[in-house]
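Student: Let me see the structure of the following:
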Amino acid sequence: MITAIVFVRTEVDTVNDVAQAAAEIPGVSEVYSVTGELDLIALVRVPTLDDVAAAVTDGIARLDGVLATETHIAFRTHSRVDLEAAFSIGS
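Tutor: Below you'll find the model as predicted:
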């Protein structure tokens, strides 16, 4: 499974509409509205790089109101939540 973190900049008055539309795109698991230079961060979780391209290039980037996207592919996941879940098996 590939996880991509997608930074999204939108037109000011389209943030909520873009977030809702992006959340409906296959492969997009979560969309966060955030503070700072970005407007949204979307998490894409898909089996292949072609699926990342479909979700980002053919999906998110083409939504009305999107000004720019920047995609980062995750190599590894480091999460306390995952570790706690693994150690609680059989408890």
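Student: need the strands for this protein, in chain order.
Tutor: 2-10, 28-33, 40-46, 66-73 (DSSP state E).
Student: Please list all residues in contact with residue 67.
Tutor: For residue 67, the contact set (Cβ atoms under 8 Å, 6 or more residues apart in numbering) comprises 9, 10, 11. Quick note: C-beta positions are derived from backbone N, CA and C, even for glycine.
Student: could I get those as CSV with neighbour count?
Tutor: Converted to CSV, those look like this (neighbours: other Cβ atoms under 10 Å):
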residue, neighbour count
9, 16
10, 23
11, 13
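Student: Now flag whichever of those residues is closest to residue 39.
Tutor: The closest of the contacts of residue 67 to residue 39 turns out to be residue 10 (Cβ to Cβ; 4.5 Å).
Student: State the distance from the closest one to residue 57.
Tutor: 17 Å (Cβ to Cβ, to the nearest Å).
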